[in-house]
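[1] Whatever this is, show me its structure:
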Amino acid sequence: MMANTQKPLVLTVLLYVKSGKFEQFQAYETQAAQVMEDYGGKIDRVIRPVSMAGEKLPLPDEIHLVSFPCEQDFERYKFDPRMSELKSLRQEAIANTIVIVGTEGELYG
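    So this is what the prediction gives:
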């Protein structure tokens, strides 16, 4: 698990959508983003990748850059009862998710 920190979190989320389920995926993401807002979280950027250089991972359908004020807010979001209510929609639409949790780093250059 993550170290207990009050630093803002930045999540890089790789999302793999089930074939023919993009509409359900969008419905899930819209509702999840509304819950996220209650904890100070937001989807800062949505990327639709077109290729991946030199990696063994399959190309995700979307990559989301997500932020939360701190780890505690992220944990509260994950365990919000509304997210449990969205579980069936999520399972219908999303084949796989990879979440990389980090904090802001120094810029180079």
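
[2] contacts for the top helix by length along the chain?
    As assigned by DSSP state H, the longest helix anywhere in the chain is helix 22-37. Contacting residues not belonging to helix 22-37 are listed as 15, 17-18, 42-43, 61, 66, 68, 77, 80, 82-83, 86, 89-90, 92-94 [C-beta atoms under 8 Å, 6 or more residues apart in numbering]. To be clear about C-beta, it is placed using only N, CA and C from the backbone, and glycine gets the same treatment.

[3] so after it, what's the next helix or strand?
    Moving toward the C-terminus from helix 22-37, the next helix or strand (DSSP states H and E) is strand 42-47.

[4] which secondary structure elements does the following helix or strand past that next one contact?
    Remark: after strand 42-47, the chain's next helix or strand is strand 62-68, criterion DSSP H and E. When contacts are defined as 3 or more C-beta pairs under 8 Å, 6 or more residues apart in numbering; DSSP states H and E, strand 62-68 packs onto strand 9-17, strand 42-47.

[5] Give me the angle between strand 62-68 and helix 22-37.
    Here strand 62-68 runs at an angle of 10 degrees relative to helix 22-37 (axes from the mean of the first three to the mean of the last three C-alpha atoms, to 10 degrees).

[6] Residue 43 and residue 62 touch, don't they?
    No - taking C-beta atoms under 8 Å as the definition, residue 43 is not a contact partner of residue 62, at 9.9 Å.

[7] Nearest the geometric middle of this structure, what residue?
    By C-alpha atoms, centre = their mean, the mean C-alpha position of the chain lies nearest to residue 13, the distance being 4.3 Å.

[8] so that residue sits right up against residue 68, yeah?
    No - contact status for residue 13 versus residue 68: not in contact, 12.0 Å apart, counting by C-beta under 8 Å.

[9] Using the three-state scheme, assign residue 96.
    What DSSP: H, G, I helix; E, B strand; the rest coil gives for residue 96 is strand.

[10] any idea how far residue 16 is from it?
    Distance, residue 96 to residue 16, using C-beta to C-beta, to the nearest Å: 4 Å.

[11] From the structure, what's the count of residues near residue 68?
    21 (other C-beta atoms under 10 Å).
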